[in-house]
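A.B. asks: Requesting a structural model of the entry that follows:
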Amino acid sequence: MLKKLAVATLFASLLPLASQAQIAIRIGPPAPVVEHYGPPPHPGYVWQGGYHRWDGNRYAWTPGHWGRPPRPGAVWVPDAYDHRGDGYHYHAGYWR
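C.D. replies: Residues are numbered from 1 along each chain as shown. From the prediction side, this is the model:
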């Protein structure tokens, strides 16, 4: 039992490192898809636009959705790619 707990603790300690890992994609993302959406399902909801995600071989479109801000005045910063010398790097959208 103690051995299993030690292994679980080791893996749990490595999770933050894995979440920060990035890969450089040599091919830039396609142009965004134009999404047509109706009114928000509830007052105060914000449209979180879709984005192209890299699946390891190609880009695949992930459609947008309505989201509820975590606090009053929060602003959605969309998913984006930036280009550096070694390729394109993805940055997940977040609430600011």
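
A.B. asks: Tell me, how many residues neighbour His36?
C.D. replies: 4 (other CB atoms under 10 Å). No exception for glycine: its C-beta is placed from N, CA and C like everyone else's.

A.B. asks: My reading is that it lies in a strand. Confirm?
C.D. replies: No - applying DSSP: H, G, I helix; E, B strand; the rest coil, one finds His36 to be coil, outside a strand.

A.B. asks: Gly56: helix or strand, and which one exactly?
C.D. replies: Using DSSP states H and E, Gly56 maps to neither a helix nor a strand.

A.B. asks: Poorly predicted segments of the chain, please.
C.D. replies: 1-21 (pLDDT under 70).

A.B. asks: What segments of it are helices?
C.D. replies: 2-20 (DSSP state H).

A.B. asks: What distance separates the opening and closing residues of stretch 86-96?
C.D. replies: Using CA to CA, to the nearest Å, one end of stretch 86-96 lies 28 Å from the other.

A.B. asks: contacting residues around that stretch?
C.D. replies: Stretch 86-96 is touched from outside by 22-29, 48, 51, 53-54, 69-71, 74-83, with contacts defined as CB atoms under 8 Å, 6 or more residues apart in numbering.

A.B. asks: Now with 10 Å, please.
C.D. replies: For stretch 86-96, contacts defined as CB atoms under 10 Å, 6 or more residues apart in numbering pick out 19, 22-29, 46, 48-49, 51-54, 59, 64, 67-71, 73-83.

A.B. asks: Over to stretch 72-85?
C.D. replies: Contacts of stretch 72-85 (CB under 10 Å, 6+ apart): 22, 24-25, 28-29, 32, 44, 46-54, 59, 62, 64, 67-69, 87-96.

A.B. asks: Please indicate which of those are buried?
C.D. replies: 25, 29, 48-52, 59, 64, 88, 90 (16 or more other CB atoms under 10 Å).

A.B. asks: Present those residues as TSV; the columns should include distance to Tyr37.
C.D. replies: Listed next are those as TSV, based on distance: CB to CB, whole Å:
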residue	distance to Tyr37
Ile25	27
Pro29	21
Gln48	10
Gly49	9
Gly50	10
Tyr51	15
His52	18
Tyr59	21
Gly64	7
Tyr88	26
Tyr90	23
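
A.B. asks: Cool, thanks, talk later.
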